[in-house]
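Student: Based on what follows, work out the 3D shape:
(chains A and B)
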2 protein chains.
Amino acid sequence: MNRKGILIVVSGFSGAGKGTVMKGLLGKYDNYALSISATTRAPREGEQHGREYFFLSREEFEKMIAKDELIEYAKYVENYYGTPKAYVEEQLNAGKDVILEIEIQGALKVKEKFPETLLLFVTPPDAKTLRERLIGRGTETPEVIDMRMKRAAEEAEGMEQYDYLMINDDLDTCIEEMHRIIQGEHRKSFRNVPFIERIREELKEV
Amino acid sequence: MNRKGILIVVSGFSGAGKGTVMKGLLGKYDNYALSISATTRAPREGEQHGREYFFLSREEFEKMIAKDELIEYAKYVENYYGTPKAYVEEQLNAGKDVILEIEIQGALKVKEKFPETLLLFVTPPDAKTLRERLIGRGTETPEVIDMRMKRAAEEAEGMEQYDYLMINDDLDTCIEEMHRIIQGEHRKSFRNVPFIERIREELKEV
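Tutor: Have a look, this model is predicted:
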């Protein structure tokens, strides 16, 4: 069967609990690798090069663009953000399922370039829960919460472009469902062309 | 989330253990219903109307064709075989995932008519295992075994038209994988349009 890793993009509303789900998934199962993004923005306190991000100079980043060494990249507020190809490919070839945590525009670019990418969208069961979670953080002003809710309404426009919706109601259930869906994907026919070709050859010979 | 049932077609090589997998799946989980085919062939010893098949007269069957009451049908050796629509729809509406056990031509007809159908193909890990299982039955002559192997080679031509390959190496693993894949399918975005529409509306209001 297919043991090459699957490229997975996880997106979701801010406050949907995406980060916690990812942390739970990677803590529970060892067949996943989280892609590390590159950026030209300055590291914040406590951030480490090669852990949160690869912190690059603008020149280094533009060299990577020129050499097609990024799966996708975008520019926000004068800074570049992108996904270096080398690490992802290395992990995929080692059989790891590699997760990119990026927003919808990036997700669709990756899918276009690599059509076998699996797109997962993490969502709370309803908008009320999303607002409650944002309030529950206790770190955001009401204005920021309203802005995030407005942003969620925009992001919701792209939901059906994702393959699966992961409803994060109960955390453990969501982690387990995500794991099962990804593992089930390994059984997709289009991911098992070598198996099909082998058994066809065998059946011709007998 | 989506709780309407999913229509599932299961096909596979004769000798792949499809029947045993189905029996195991239905015995272990109660959210599945097996579709019962209709046929004009005479019942064999021990076969019951409404259990193995609905045994119909040619006239009754042709009336069902005329009234579009069959999901698919075919004629083999002067007899009709088909899938009555009413039972399947009733079970789907009750939230059951309904399994049709039919061969590839029928499978593709169903998919064409109902694009949301999930197509699963049960296969042994290799051709050698298939032959051993056919021999192991102890009921088939070498000629029949050769014929079935030849038929398997033909059927293998359509394998990639199925959504998933279910490798039946270990029976319990295969049953569990099939269950997880079907349950994962309930999370597909296109099966959850009402959820997406609802959360979009909610997000507009807040």
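Student: What segments of chain A are helices?
Tutor: Under the criterion DSSP state H, chain A contains helices at A:18-28, A:58-66, A:85-93, A:104-113, A:127-136, A:142-155, A:171-185, A:193-205.
Student: Would you mind listing where chain A has pLDDT under the threshold?
Tutor: For chain A, the stretches flagged by pLDDT under 70 are A:1-2, A:206.
Student: need the helices of chain A in JSON lines with distance to chain B and mean neighbour count, can you?
Tutor: The way it works is simple: take the backbone N, C-alpha and C, and place the C-beta from them, glycine included. Shown next, in JSON lines, are the helices of chain A (distance: least, CB to the nearest CB, whole Å; neighbours: other CB atoms under 10 Å in any protein chain shown):
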{"stretch": "helix A:18-28", "distance to chain B": "13", "mean neighbour count": "16"}
{"stretch": "helix A:58-66", "distance to chain B": "31", "mean neighbour count": "13"}
{"stretch": "helix A:85-93", "distance to chain B": "20", "mean neighbour count": "16"}
{"stretch": "helix A:104-113", "distance to chain B": "13", "mean neighbour count": "17"}
{"stretch": "helix A:127-136", "distance to chain B": "4", "mean neighbour count": "17"}
{"stretch": "helix A:142-155", "distance to chain B": "4", "mean neighbour count": "15"}
{"stretch": "helix A:171-185", "distance to chain B": "4", "mean neighbour count": "19"}
{"stretch": "helix A:193-205", "distance to chain B": "4", "mean neighbour count": "16"}
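Student: tell me the domain boundaries of chain A?
Tutor: Here the domain assignment for chain A is A:1-31+A:96-206, A:36-94, based on automatic domain parsing.
Student: Export these to JSON lines and append columns for distance to B:Tyr80.
Tutor: Below are the domains of chain A laid out as JSON lines (distance: least, CB to CB, whole Å):
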{"stretch": "domain A:1-31+A:96-206", "distance to B:Tyr80": "30"}
{"stretch": "domain A:36-94", "distance to B:Tyr80": "49"}
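Student: closest to B:Ser35 out of those?
Tutor: Evaluated with CB to CB, these place domain A:1-31+A:96-206 nearest to B:Ser35, the distance being 22.4 Å.
Student: quick one: that closest one to chain centroid distance?
Tutor: Domain A:1-31+A:96-206 sits 6 Å away from the centroid of its parent chain (CA atoms, centre = their mean, to the nearest Å).
Student: likewise stretch A:62-75?
Tutor: Worked out by CA atoms, centre = their mean, stretch A:62-75 lies 18 Å from the chain centre.
Student: Which among the helices of chain A is found nearest to A:Thr40?
Tutor: Comparing the helices of chain A by their distance to A:Thr40 (CB to CB), the top pick is helix A:58-66, with 5.0 Å.
Student: From the contact counts, what lies against the closest one?
Tutor: Counting contacts by 3 or more CB pairs under 8 Å, 6 or more residues apart in numbering or on different chains; DSSP states H and E, helix A:58-66 packs against strand A:37-39, strand A:70-76, strand A:79-84.
Student: follow-up on the earlier one: with respect to B:Leu203, which of the helices of chain A lies nearest?
Tutor: helix A:142-155 (3.9 Å).
Student: so that closest one versus helix A:104-113, what angle?
Tutor: 30 degrees (axes from the mean of the first three to the mean of the last three CA atoms, to 10 degrees).
Student: Mind exporting the C-alpha coordinates of helix A:142-155 to PDB?
Tutor: Extracted in PDB, the C-alpha atoms of helix A:142-155 (Å, rounded to 0.1, in the frame of the first residue of the first chain):
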ATOM      1  CA  PRO A 142     -14.100  43.300  22.100                       C
ATOM      2  CA  GLU A 143     -13.000  45.200  18.900                       C
ATOM      3  CA  VAL A 144     -10.500  42.500  18.100                       C
ATOM      4  CA  ILE A 145     -13.100  39.800  18.700                       C
ATOM      5  CA  ASP A 146     -15.500  41.600  16.300                       C
ATOM      6  CA  MET A 147     -12.800  41.800  13.700                       C
ATOM      7  CA  ARG A 148     -12.000  38.100  14.000                       C
ATOM      8  CA  MET A 149     -15.700  37.200  13.700                       C
ATOM      9  CA  LYS A 150     -15.900  39.400  10.500                       C
ATOM     10  CA  ARG A 151     -12.800  37.700   9.200                       C
ATOM     11  CA  ALA A 152     -14.400  34.300   9.900                       C
ATOM     12  CA  ALA A 153     -17.400  35.300   7.900                       C
ATOM     13  CA  GLU A 154     -15.100  36.000   4.900                       C
ATOM     14  CA  GLU A 155     -13.200  32.800   5.400                       C
END
